[in-house]
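Asker: pasting the structure only:
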């Protein structure tokens, strides 16, 4: 499991490879917060290569969303598979995040 | 780790029963391997793909992280025991820690309403209850959480 970060224009794109769970959520949080501190405002997290997410992974996404908004930025999510969509629906987090079906669609809507 | 596949000489597939017993240190880095092992047994017994990819991994990760972080407080001198029994009917998995236990109902919050939606924590037990058919907690020398899930085709 790992996270890769690249820039596409003025958008920071994070790929979550593997799981986003209690053992690695802090790594994702720190990576995104480092970019936020550098002045980045637009963030897209792409889950096309993600297995599953636990409650602490969901919690980190909520926390990042708040911190990014407090800095006047935006966080969007893309490429949730059906199982991950179900997880967001169960927790009603689908109402909190802007979720796009593809990375391209998410990038267009910033 | 002990894994036992109970078979008759020529059993019908429906009679297969897989048991897994593990003891892991109080380290969250061990969670993924345990989850993978239990999910593999469910896959072998042809559980529904969603159960293998979502219900089992998420619920078991929650139970293990609760045991490691809240039960054992990541004490390297304490361990977590996992016992799983998988049949064509159901999965029963028990996670045992060395903590004092907790009240399942009191500790389960609804994270979907009001300000709880914006909280970073508080979704673990809720997800376990939504993703498994039954959750029980009891004490038998150790604090044990037992999760039961019926197999879906």
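Answerer: Perfect, I can see it now. All values reported here derive from a predicted model rather than from experimental measurement.
Asker: which residues touch residue B:88?
Answerer: B:13-16, B:45-46, B:151 (Cβ atoms under 8 Å, 6 or more residues apart in numbering or on different chains). For every residue, glycine as well, the C-beta is placed using N, CA and C.
Asker: what of residue A:84?
Answerer: Here residue A:84 is in contact with A:47, A:50, A:52-53 (Cβ under 8 Å, 6+ apart).
Asker: what about residue 21, how many residues close to it?
Answerer: Using chain A here. 26 (other Cβ atoms under 10 Å in any protein chain shown).
Asker: the chain in question should be chain B.
Answerer: 14.
Asker: show me what whatever helix or strand it lives in is packed against.
Answerer: Following DSSP states H and E, one finds residue B:21 within strand B:17-25. The contact analysis (3 or more Cβ pairs under 8 Å, 6 or more residues apart in numbering or on different chains; DSSP states H and E) places strand B:17-25 against strand B:2-6, helix B:31-44, strand B:79-87.
Asker: let me know the secondary structure of residue A:14.
Answerer: The three-state assignment at residue A:14 reads strand, by DSSP: H, G, I helix; E, B strand; the rest coil.
Asker: just to revisit the earlier point, of the helices and strands packed on strand B:17-25, which approaches residue A:99 most closely?
Answerer: helix B:31-44 (24.8 Å; Cβ to Cβ).
Asker: give me the contact list for that closest one.
Answerer: Under the criterion Cβ under 8 Å, 6+ apart, residues A:1, A:19, A:21-23, B:1, B:3, B:18, B:20, B:22, B:24, B:51-53, B:56-57, B:60-61, B:64-65, B:68, B:82, B:84, B:86, B:91, B:93, B:151 lie in contact with helix B:31-44.
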